[in-house]
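> below are the sequence and a predicted model; questions follow.
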Amino acid sequence: MKDTHSIILAGVMALSLSACSTTRNRTKSLATMAGAAVIGGTIGAMVAPKNENGMAHTALWGGVSAASAGAISLFVFDEEAKREAAEVRASKLEKELGEFRASIEPQLVASNEVQATKSLPPQLQHLVTPAKWSLYRVDRWTTVGDNELVHQDQLFRFEQSQLNPQAPKPKGE
């Protein structure tokens, strides 16, 4: 009866340790192996014939049980499949995010540089970045106030001319 209690206690300990989600897989496997060794060793000692060495049966049954539990734990506590599934899911989400970003990005409709450098002397034209405008097609809603939304369908950008004192001189000057 005492041996039965120790088998049940070892089994409960092994199951509680192996079922804990915060325990690492290596710890779960080792705890399962230890529990299986105790249970197997106890069973080995109980079934050993009277004319044979009980310790030899305990060691043999405990070792076989621990090795079997270790092999089974490799598959039961396998995180590789979960990692691969998470990578596939992450890849799919990245693709969807890229498609979503592409759908909300402004689409260039027209663009033009404003030719303000024509009136500048040729030796100074490289010092000025000309103004530029761009027209984009968009499809988005914008909040104006607490109870107002405005739908935008076009975006106009104007970039003013800039001085570039560090600009390299064009070749031939």
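Structure's in. What do you need? Numbers count the residues shown, from 1 in each chain.
> do you know how far residue 137 is from residue 51?
Computed with Cβ to Cβ, to the nearest Å, the distance linking residue 137 and residue 51 is 93 Å. Yep, even glycine has a C-beta here, placed from its N, CA and C like the rest.
> quick check on those two: which one has the bigger neighbour count.
Looking at residue 137 and residue 51 with other Cβ atoms under 10 Å, you find the greater number of neighbours at residue 137, namely 13 against 5.
> ramachandran angles for that one?
Backbone torsions for residue 137, taken as degrees, to the nearest 10, come to phi -100, psi 130.
> now what about stretch 123-133, what contacts it?
Residues outside stretch 123-133 that contact it (Cβ atoms under 8 Å, 6 or more residues apart in numbering) are 111-117, 120, 156-165, 167-170, 173.
> run the last query once more with 10 Å
Here stretch 123-133 makes contact (Cβ atoms under 10 Å, 6 or more residues apart in numbering) with 110-120, 156-170, 173.
> what's the neighbour count on residue 65?
Based on other Cβ under 10 Å, the number of other residues close to residue 65 is 21.
> where's it, which helix or strand?
Taking DSSP states H and E as the criterion, the element that holds residue 65 is helix 54-76.
> off-centre distance for the helix ranked longest in the chain?
Taking DSSP state H as the assignment, the helix of the chain that covers the most residues is helix 80-104. Relative to the mean C-alpha coordinate of its chain, helix 80-104 is positioned 9 Å out (Cα atoms, centre = their mean, to the nearest Å).
> now swap in stretch 164-173 and tell me
Taking Cα atoms, centre = their mean, one finds stretch 164-173 lying 48 Å from the centre of the chain it belongs to.
> and stretch 154-168, end to end?
Stretch 154-168 stretches 36 Å from its first residue to its last (Cα to Cα, to the nearest Å).
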